[in-house]
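Engineer: Sequence plus predicted model, see below.
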Amino acid sequence: MSGSSVLFDAPGPRARRISLILSLIGLVLIAGLVAWVVVILAAPRTSGGIVVPGMFSPTRWDIFTDPQVWSFIGQGVLGTLRAAAVAAVGAIVLGIALSLMRSSTIAWVRIPTAVFIEFFRGMPVLLMMLFILLVASTGAFWAVVIALILYNGTLIGEALRAGLAALPRGQREAALSVGMREFQSKILVEFPQAFRQMLPIIVAQLVVLLKDTSLGYIVGYNELIRTTMNNLASFYGNRYLFSLFVVTLVIYLAINLSLSWFARWLSRRTASGGTRAKKGRGGEDVDPDQAIMLAQASAAARTSGRTGGAL
């Protein structure tokens, strides 16, 4: 038996026992830390000679029995989702355009696009929001949306360009061999494959985009955090800051974890080529891209045959 096979062999009983003990110790430490934090938060405290109830006291959570509070929170959630949806569509469109321009063979198209991408990749999103709001006077909503489109569009564009560069050269050569031009090959053959491969990365970047909508708090856009931690907290007082923080955190976690789960599911699905594959006549799987190329090749052959017959 070689040394490498011994090195990478399955762990033995002693290694598994040590791993189990370390895992149990870690769980006990985490549970102890969580219990300590809960006890500290639940304990009453004295502020200015007045006893203040703990963070889990019902008097700190009674506002959530009012339907108007949840209606106000719902408006903040809709504001966050609306800004994220508009910015996501714009970022994907901009990313597609930048990826095609950045991978162009024409220097006067490729070089300015590279400068544009590097400039906005290095620009802080909050600074862009403030600049757009103060200089262009677009209003808080469009300041948030345009800044998110510019920043995330450049990142998505670079991801798609990397997907195009990672494709085998045979894809382009096969497209050129059936009579396509380079731009047709990039649009019809190469780009759909690159987009499908980079789709999990794009979705993950859209999760980051959704999180960055919280920066709209600074420019005065009524997204979720501004609605709860500023408007509601100012109306009801600092007594409810912790409860409003917890509700805001739970809502953000629910949205972001759902998108992250979708990104992981999409990554597994695209990595395996999808679960619903078309079957050929013999029952074998057929690649849709390969089928399109074969159809174009046969069409080109029939065209050349008719031309040769006419001559």
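Structural biologist: Perfect, thanks for sending it. Residues are numbered from 1 along each chain as shown.
Engineer: give me the low-pLDDT residue ranges for this protein?
Structural biologist: 1-11, 47-48, 176, 270-311 (pLDDT under 70).
Engineer: can you map out the helices along it?
Structural biologist: Secondary structure of the chain by DSSP state H: the helices cover 3-7, 13-42, 67-102, 107-121, 125-131, 140-166, 169-177, 182-185, 191-212, 216-219, 224-225, 233-236, 241-271, 288-310.
Engineer: Against which helices or strands is the longest one packed?
Structural biologist: Taking 3 or more CB pairs under 8 Å, 6 or more residues apart in numbering; DSSP states H and E as the contact definition, the neighbouring helices and strands of helix 67-102 are helix 107-121, helix 140-166, helix 191-212, helix 224-225, helix 241-271. All C-beta atoms are positioned from the backbone trio N, CA, C, and that covers glycine.
Engineer: wait, which of those is closest to Phe64?
Structural biologist: helix 241-271 (7.2 Å; CB to CB).
Engineer: mind listing what's buried in the closest one?
Structural biologist: Leu241, Ser243, Leu244, Val247, Thr248, Ile251, Tyr252, Ile255, Leu259, Ala263, Leu266 (16 or more other CB atoms under 10 Å).
Engineer: could you dump these to CSV with distance to Val77?
Structural biologist: Output for the buried residues of helix 241-271, formatted as CSV (distance: CB to CB, whole Å):
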residue, distance to Val77
Leu241, 19
Ser243, 17
Leu244, 14
Val247, 11
Thr248, 10
Ile251, 6
Tyr252, 10
Ile255, 8
Leu259, 14
Ala263, 20
Leu266, 24
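Engineer: from those residues, which two are the most distant?
Structural biologist: Leu241 and Leu266 (37.1 Å).
Engineer: for the spatially closest residue to Leu98 that is not a sequence neighbour, what are its contacts?
Structural biologist: Leaving aside its sequence neighbours, Leu98 sits nearest to Gly157 (CB to CB, 6 or more residues apart in numbering; 3.2 Å). Going by CB atoms under 8 Å, 6 or more residues apart in numbering, Gly157 touches Leu94, Gly95, Ile96, Ala97, Leu98, Ser99, Arg102, Ile117.
Engineer: gap between Gly157 and Leu209?
Structural biologist: 14 Å (CB to CB, to the nearest Å).
Engineer: ditto for Val69
Structural biologist: Counting by CB to CB, the gap from Val69 to Leu209 is 28 Å.
Engineer: Mind checking which of the two has more residues around it?
Structural biologist: Higher neighbour count among Val69 and Leu209: Leu209, with 24 against 18, using other CB atoms under 10 Å.
Engineer: so how far is Ile225 from the more buried one?
Structural biologist: Leu209 is 15 Å from Ile225, by CB to CB.
Engineer: starting at the chain centroid, how far to stretch 250-258?
Structural biologist: 13 Å (CA atoms, centre = their mean, to the nearest Å).
Engineer: Kindly apply the preceding question to stretch 133-151 instead.
Structural biologist: 20 Å.
Engineer: Show me which residues of it are buried.
Structural biologist: So for stretch 133-151, counting by 16+ other CB under 10 Å, buried means 133, 138, 140-151.
Engineer: want to throw those into CSV with distance to Ser214?
Structural biologist: Below are these laid out as CSV (distance: CB to CB, whole Å):
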residue, distance to Ser214
Leu133, 16
Thr138, 19
Ala140, 13
Phe141, 14
Trp142, 17
Ala143, 14
Val144, 10
Val145, 14
Ile146, 17
Ala147, 13
Leu148, 11
Ile149, 17
Leu150, 18
Tyr151, 14
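Engineer: Pick the one among those closest to Gly237.
Structural biologist: Ala140 (25.4 Å).
Engineer: For the residue nearest to that closest one when sequence neighbours are not counted, list the residues it contacts.
Structural biologist: Sequence neighbours aside, Tyr221 is the residue nearest to Ala140 in space, at 3.8 Å (criterion: CB to CB, 6+ apart). By CB under 8 Å, 6+ apart, the contact set of Tyr221 is Gly79, Ala83, Ala140, Phe141, Ala143, Val144.
Engineer: I figured the third one hits Gly220, correct?
Structural biologist: Yes - A contact is recorded between Ala140 and Gly220 when judged using CB atoms under 8 Å, the distance being 4.6 Å.
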